[in-house]
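Chemist: Just to be clear, the model below is a prediction. Sequence and coordinates:
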Amino acid sequence: MSKKHVAVVMGGYSDEYVVSLKSGQLIYDSLDRDLYNVHKVVILKDEWYFLGENDKKYEINKGDFSVTLDTQEHLKFDVCFNIIHGTPGENGILQAYWDAIGQTYTGCDFYQSALTFNKKDTLAVLSKYGIPSAKSVYLRKGEHINTDEIVENLGLPLFVKPNQSGSSLGITKVKEKSELIAATEVAFKEDNEILIESFLDGMEVSVGVIDFKGETIVIGITEIIPTNEFFDYEAKYEGASEEITPARIDEETTKRVEEIAKRAYDSLGMSGFSRSEFILMDGIPYMLEMNTNPGFSPASIIPQQARHYGISITDLCGNEVEKALAKKSK
């Protein structure tokens, strides 16, 4: 049997492309070479390329996502391993394109990606499944902002954040009513729609959920202790937070978090890696957001949780490829 060609697709159009390249490197290094021929493909705003020997770049043909090498070999990939954080790999754009040209890929479908990238819509759908979230107000750019009403409704402090989820850019914690308008301007720089949420005073946990060998499993609950005021971009990527796996919570709370995280994953029809953020208040997990292509560099939470759970990175990544191949053969 000939080995399948797997392209690890990394990069992206947002500031998170730097993290994606590290995540891609870990997956590239971890996939079993006895089973797969593994390649690197980088997708950036101005160029899509295949990395050959000695990091030589070959342009990707966007008509069928193939590459022509020096030997004139026309290489098509059996599976694309999508590890782009942010747009276009985490918001459904790339998945919709791959669906249109018949390219098989790992992770969830374009609809799940687009939905989960939109915090407001995700929380609205999940509330129908009994999954609690913070009280919130949603605004579009140009809409009138009634600060008195918002503060009366949500209380202080509150959080202002862009609706499209990315890497925690544009989030402000507002402690005084007078700071609210400025905070909305910061969030509107990142997105045309923003979310203003009541402050949940509790422990933040990050929960890794995957479908592994036909079963939805929680691979870990990690407690996030930000050294900054909250888990922002700096805390996420520049190490300004302490992460404790497993989180220091009792068995009953652990069970509740696992049950809700799995329910969220299954109700959305998810597949592949996911990392959900919750705040635990009085033992109740309130959902903040779900990431469908979470960081996967060696320092990221999902690889840490997998190690703790006892799944090797090789098995974790191989499982994704095998699921994609099985879907293709249907």
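Modeler: That came in fine, so what should we check first? None of these values were measured; they are calculated from a predicted model. Numbers count the residues shown, from 1 in each chain.
Chemist: And the nearest residue to residue 267 once chain neighbours are set aside, its phi and psi?
Modeler: Excluding the flanking residues, the one nearest residue 267 by Cβ to Cβ, 6 or more residues apart in numbering is residue 129, at 4.4 Å. Every C-beta, even on glycine, is put in place using the N, C-alpha and C of the backbone. Backbone torsions for residue 129, taken as degrees, to the nearest 10, come to phi -100, psi 20.
Chemist: ditto for the one 10 residues further on
Modeler: With angles defined as degrees, to the nearest 10, residue 139 sits at phi -130, psi 140.
Chemist: centre of the chain versus stretch 11-30, how much separation?
Modeler: Here stretch 11-30 is found 12 Å from its chain centre; the criterion is Cα atoms, centre = their mean, to the nearest Å.
Chemist: Show me the strands in the stretch 151-300 of the chain, by range?
Modeler: Defined through DSSP state E, counting those that start in this stretch, the strands belonging to the stretch 151-300 of the chain, from first to last, are 158-162, 172-174, 193-198, 203-212, 215-226, 241-244, 274-281, 284-291.
Chemist: ok, residues contacting the shortest one?
Modeler: In this structure, residues lying in contact with strand 172-174 by Cβ atoms under 8 Å, 6 or more residues apart in numbering are 156-161, 179-180, 182-183, 186-187, 199, 229-230.
Chemist: Rounded mean pLDDT for stretch 311-318, please.
Modeler: Over the span of stretch 311-318, the pLDDT mean works out to 97.
Chemist: residues making contact with it?
Modeler: 26-27, 30-32, 35, 81, 210, 212, 219, 303, 306-307.
Chemist: let's go with 10 Å and repeat that
Modeler: 6, 8, 26-32, 35-36, 38, 81, 83, 106, 210, 212-213, 217, 219, 273, 296, 298, 302-303, 305-307, 309, 319, 322 (Cβ atoms under 10 Å, 6 or more residues apart in numbering).
Chemist: Now do the buried residues in it.
Modeler: Buried residues in stretch 311-318, defined by neighbour count with 16 or more other Cβ atoms under 10 Å: 311, 313, 315-318.
Chemist: Write a ChimeraX command that selects only the buried members of the contacts of strand 172-174.
Modeler: Taking 16+ other Cβ under 10 Å as the burial criterion, the selection of buried members of the contacts of strand 172-174 in ChimeraX is written as:
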select :158,159,160,161,179,180,183,186,187,199
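Chemist: any idea how far residue 278 is from residue 201?
Modeler: Residue 278 sits 14 Å away from residue 201 when distances are taken as Cβ to Cβ, to the nearest Å.
Chemist: higher neighbour count, the two?
Modeler: More neighbours sit around residue 278 than around the other of residue 278 and residue 201, counting by other Cβ atoms under 10 Å; the figures are 27 against 9.
Chemist: And the pLDDT at that one?
Modeler: At residue 278 the predicted local confidence, pLDDT, stands at 97.
Chemist: for residue 305, same thing?
Modeler: The confidence metric pLDDT takes the value 97 at residue 305.
Chemist: ok so, going back, can you say which of the contacts of stretch 311-318 are buried?
Modeler: If you count burial by 16+ other Cβ under 10 Å, the buried members of the contacts of stretch 311-318 come out as 6, 8, 26-28, 30-31, 36, 38, 81, 83, 106, 210, 212, 217, 219, 273, 296, 302-303, 305-307, 309, 319, 322.
Chemist: So which of the residues you listed are in strands?
Modeler: Of the positions in the buried ones among the contacts of stretch 311-318, 6, 8, 36, 38, 81, 210, 212, 217, 219 sit in strands, assigned by DSSP state E.
Chemist: Poorly predicted segments of the chain, please.
Modeler: Counting by pLDDT under 70, the chain shows low-confidence ranges at 165-168, 228-240, 330.
Chemist: beta partners of the residue most central in space within it?
Modeler: Note on the chain: the residue nearest the mean C-alpha position is residue 291, at 2.8 Å, using Cα atoms, centre = their mean. Under the criterion DSSP bridges, residue 291 forms beta bridges with residue 275.
Chemist: who's in contact with it?
Modeler: By Cβ under 10 Å, 6+ apart, the contact set of residue 291 is 85-86, 90, 116-117, 165-167, 206, 208, 273-277, 301-302.
Chemist: ok, now residue 139?
Modeler: So residue 139 contacts 145, 150, 160, 163, 184, 187-188, 192-196 (Cβ under 10 Å, 6+ apart).
Chemist: Which residue comes closest to residue 137 once chain neighbours are left out?
Modeler: Using Cβ to Cβ, 6+ apart, the nearest residue to residue 137 is residue 196, at 4.6 Å.
Chemist: before we move on, what about residue 193?
Modeler: If the residues on either side of it in the chain are set aside, residue 193 comes closest to residue 163, at 4.0 Å by Cβ to Cβ, 6+ apart.
Chemist: From what I see, that neighbour and residue 137 are in contact.
Modeler: No. Between residue 163 and residue 137 there is no contact, the gap being 11.5 Å when judged by Cβ atoms under 10 Å.
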